[in-house]
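Undergrad: Provide a 3D model corresponding to the input given below.
(2 chains)
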Amino acid sequence: MQWASSLAWIGRLPSTAFSLKKKSPGKRSGESSRSGVQILPGPLNIEEKNMDFREMVVEALHAVLKDLSGERIAEMIEVPKQANLGDYALPCYRLSGIMKKAPQDIAKELKEKIALPKGISRAEVIGAYLNFFVANEALAKDVIKRILAEKQDYGKSDLLKGKRIMVEYSGPNTNKTLHLGHLRNQALGMAIANLYGANGARAIKANIYSDRGAHICKSMLAYEKFGGKKTPQGAHIKPDKFVMDYYVRYTTEAEKNPELEKEVQEMLKKWEAGDKKTIALWKKMNGWALQGIRQTYKEFGSRFDVEFYESKFYDKAQPVIELGLKKGVFEKDESGAIIAKLASSGMPDKVVMRADGTSIYITNDLALTKHKFEKYRLDEALWVVGNEHSLYFRQLFRIFELLGFSWAKKCRHMSYGLVNLPEGKMKSREGTVVEADDIIREMQGLAMAELQKRYPEMKKQELQKRTRAISLAAIKFFMLKVDAGRDFLFNPKESISFEGETGPFVQYSYARACSILRKAGKKAGAEIKNANPEALESEIEKKLIALLDAYPKTLQNCISNMSLHPLCQHLLELSSAFNLFYHEMPVLRAETKELRAARLALVKAAKIVIASALSVLDIEPIEEM
RNA sequence: GCCCCGGUAGUGUAAUGGACAGCAUAAGGGCCUCCGGAGCCUUUAGUCAGGGUUCGAUUCCCUGCCGGGGCGCCA
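TA: Purely as a prediction, here's the structure:
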């Protein structure tokens, strides 16, 4: 949404390595001469090799619309929403503004003058659109051959080649268990890192443990007062949950006794001073929390290449603070607190260090971000953090700019909305939090029940393996299929029902494809190798092929918009199209040997693309459901 | 008070300013001697209100209404 225009160095993607770009250097879209656009019948000398159909259409149009740059034309080309309207279309409305003619007439004139390249079977005027139809055979052959040759690499690019991008996500507090919102965060973090990785970047997955500060002292204080010598092991409670119980205890006690707040501040001071007893308590409780949180990461499949701890960075900010004071970016106010003055940037001021000299959250980021860029030589740092912190990040990034750090412009906040539940709101500071562990367990239970119903004889090990894959797919896909910037409603029952727009639905389609290939027997490999995809002529097959063809474009769309949901939507369409194909078109018992081979090749291609897309989303494709 | 973000069928959601606003669920009607029915086909139903820009607005601008979030020592 508001971060859509980010990633400056990615910028607007050129329309698929458009080859005419070189021929019109420096000509920016929009400045092409208003008056002199004419339709000229032109000689056509289009090389067909290594050019996709879109480029062919653009070049053919460029030949008759010489006054418009190829880029400009490429911008105007659309893909019709209805398949029966063709594969590419040129809306002529904008041309009518330039050429002072009715758009319908322009479309007609273009149709007459244009020379169709091979591979484009026909052009048709429909309303004010000139629609192009790719020859079925050509598209089928091209797409399927390409997928079978490139395998998992199909659709991936080297757009981000050489870029080092750090994706920081999860960021748990070590006084609480992970909650439902963390699952969205982690699904997004892993998927965006995978997406960058698939397009050539070195994507570094990073975590920051917020393991010190006033909030941590609260659970420590409660344990000190009420915990005695209890341990998670003794109490048979998951260790992070055990720690959180004391945090909750603090909150209820503090309502009765506001004096506790002062004790917290005292404890924080002692902690920062390195008081032995306080540190020992902190180490003990923090160890418990980390142990429990990591267990949840393992369950959910969250992985990190680097782990940072606030406790190791909060006190490294002194040089940055001093630089800020020297440059006048920061000021000390009457109370002694250090303030970043941001009014001239149109933002509220921001306290960067408390009056008593202790650190707050931003103090850590001041030091850690510098460390990230210097040590990891990043081209971009991304923070996957909820959108309630968007002002915080605007302030943080602005401070970096004011301090004159060269990398200030390479910081991005990937924000996301709240996860709501049917029963009510999901907020981390209210009592109604839904714990990640509970959600995962609930989903596993439902997945397992479904599997046991279907396969009562299944062995325990296999059952557990599938349960895990399916339940995680249900959660992750549900989290990723909607626009990250928006709040959305997570409906456990719906995602568990395995009907509709769900991860398991996609997995099921994949399993069906695998099943066909398995049953095709040993000769299938040879059949596919020698297959002639041009035999695929039905509308159903064509639709499926078109979606396979559009996959690379969807991936690029995801990168330029920093979003994952278009990929999920594409995957749903692809799965639906595959299921329809599966239902209507016999493969193993196809009418002819040629058709059988061609359809096997199509199934293989669909299988490859589904698996590849799922792996970007960090969802496991399974051969059997 | 100021700032940011939302408002699309009963419900959940999609749509670089373009064709008939897609999809899923729910509700109704169909399809298993046939490669896995966790599937497929089909019917009903929607852009908060009012202005503006545009050939064209769910999309951009303004106003209002409703909802969410944020605003110097909480993460």
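Undergrad: Enumerate the residues of the stretch 201-350 of chain A near RNA strand B.
TA: A:210, A:213-215, A:310, A:333, A:335-337, A:339, A:348-350 (Cβ under 7 Å from any atom of the strand). Quick note: C-beta positions are derived from backbone N, CA and C, even for glycine.
Undergrad: Let me see the ranges of the helices in the stretch 201-350 of chain A.
TA: A:214-226, A:232-235, A:239-256, A:260-272, A:276-300, A:310-313, A:318-327 (DSSP state H, counting those that start in this stretch).
Undergrad: who wins for proximity to residue A:515 among those helices?
TA: Closest of these to residue A:515 is helix A:276-300, at 28.3 Å (criterion: Cβ to Cβ).
Undergrad: any idea how far that closest one is from the chain center?
TA: A distance of 29 Å separates the centroid of the chain from that of helix A:276-300, by Cα atoms, centre = their mean, to the nearest Å.
Undergrad: Show me which residues of that helix are buried.
TA: A:278, A:281-282, A:285-286, A:288-290, A:292-294, A:296-297, A:299-300 (16 or more other Cβ atoms under 10 Å).
Undergrad: which one of the residues you listed sits closest to residue A:576?
TA: Distances from residue A:576 to the buried residues of helix A:276-300, taken by Cβ to Cβ, are shortest for residue A:300, at 27.5 Å.
Undergrad: which residues touch residue A:615?
TA: A:152, A:194, A:621 (Cβ atoms under 8 Å, 6 or more residues apart in numbering).
Undergrad: Tell me how chain A divides into domains.
TA: Taking automatic domain parsing as the criterion, chain A consists of the domains A:19-134, A:164-316+A:358-420, A:318-357.
Undergrad: possible to save the ones you listed as CSV with mean pLDDT?
TA: Converted to CSV, the domains of chain A look like this (pLDDT from 0 to 100):
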stretch, mean pLDDT
domain A:19-134, 75
domain A:164-316+A:358-420, 96
domain A:318-357, 95
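Undergrad: tell me the most buried of those?
TA: Mean neighbour count (mean count of other Cβ atoms under 10 Å) peaks for domain A:164-316+A:358-420 among the domains of chain A, with a mean of 19.
Undergrad: SS state for whichever residue of the stretch 401-550 of chain A sits closest to RNA strand B?
TA: Residue of the stretch 401-550 of chain A nearest RNA strand B, by Cβ to the nearest atom of the strand: residue A:500 (2.3 Å). The assignment at residue A:500 comes out as coil when based on DSSP: H, G, I helix; E, B strand; the rest coil.
Undergrad: Let's have the domains of chain A in CSV, adding distance to residue A:147.
TA: Listed next are the domains of chain A as CSV, based on distance: least, Cβ to Cβ, whole Å:
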stretch, distance to residue A:147
domain A:19-134, 14
domain A:164-316+A:358-420, 15
domain A:318-357, 49
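Undergrad: Looking at those, spot the one closest to residue A:577.
TA: Of all these, domain A:19-134 comes closest under Cβ to Cβ, at 10.2 Å.
Undergrad: Report the distance from that closest one to the chain centre.
TA: 33 Å.
Undergrad: ok, and does it reach over to RNA strand B?
TA: Yes. Domain A:19-134 reaches RNA strand B (Cβ under 7 Å from any atom of the strand) through A:75-76, A:78, A:80-82, A:84-86, A:89, A:91, A:93-94, A:97, A:103, A:126-129, A:131.
Undergrad: In helices only, show me the residues you listed.
TA: A:75, A:76, A:93, A:94, A:97, A:103 (DSSP state H).
Undergrad: Closest one of the residues you listed to RNA strand B?
TA: Nearest to RNA strand B among those: residue A:93, at 2.9 Å, using Cβ to the nearest atom of the strand.
Undergrad: for residue A:96, what are its contacts?
TA: Contacts of residue A:96 (Cβ under 8 Å, 6+ apart): A:102, A:103, A:106, A:128.
Undergrad: repeat that with 6 Å
TA: A:103, A:106 (Cβ atoms under 6 Å, 6 or more residues apart in numbering).
Undergrad: now swap in residue A:165 and tell me
TA: By Cβ under 6 Å, 6+ apart, the neighbours of residue A:165 are A:196, A:201, A:203, A:380.
Undergrad: Spatially nearest residue to the last one, not counting backbone neighbours?
TA: Which is residue A:380. Computed as Cβ to Cβ, 6 or more residues apart in numbering, the closest residue to residue A:380 that is not its neighbour in sequence is residue A:165, at 4.6 Å.
Undergrad: Could you list the paired strands of the helix or strand that neighbour falls within along with their orientation?
TA: Taking DSSP states H and E as the criterion, residue A:165 maps to strand A:164-168. Strand A:164-168 has the following strand partners under DSSP bridges: strand A:202-209 (parallel), strand A:380-386 (parallel).
Undergrad: what's the closest of the domains of chain A to residue A:527?
TA: So among the domains of chain A, domain A:19-134 is nearest, using Cβ to Cβ, at 25.5 Å.
Undergrad: Which of the ones in helices among the residues of domain A:19-134 next to RNA strand B sits closest to residue A:393?
TA: The closest of those, once distances to residue A:393 are taken by Cβ to Cβ, is residue A:75, at 32.0 Å.
Undergrad: The stretch 501-625 of chain A: helices as residue ranges?
TA: A:503-519, A:524-529, A:539-561, A:565-584, A:593-616.
Undergrad: quick one: residue A:472 and residue A:624, what's the gap?
TA: Using Cβ to Cβ, to the nearest Å, we find residue A:472 at a distance of 16 Å from residue A:624.
Undergrad: same question, residue A:290
TA: 36 Å.
Undergrad: What of residue A:585?
TA: 22 Å.
Undergrad: between the two, who's got more neighbours?
TA: Shown here are residue A:585 and residue A:624; by other Cβ atoms under 10 Å, residue A:585 has more neighbours (18 against 11).
Undergrad: of all the residues of the stretch 201-350 of chain A next to RNA strand B, which two lie farthest apart?
TA: A:210 and A:333 (25.8 Å).
Undergrad: Return the distance of residue A:123 relative to residue A:107.
TA: Taking Cβ to Cβ, one finds residue A:123 at 9 Å from residue A:107.
Undergrad: about what we covered before: could you check the distance from the residue of the stretch 401-550 of chain A closest to RNA strand B over to residue A:494?
TA: 7 Å.
Undergrad: Of these two, which one has the most company?
TA: For residue A:500 versus residue A:494, the count of surrounding residues by other Cβ under 10 Å is larger for residue A:494: 16 against 10.
Undergrad: and the strand or helix carrying that one, average pLDDT?
TA: For residue A:494, the host element (DSSP H and E) is helix A:492-497. Average pLDDT, helix A:492-497: 80.
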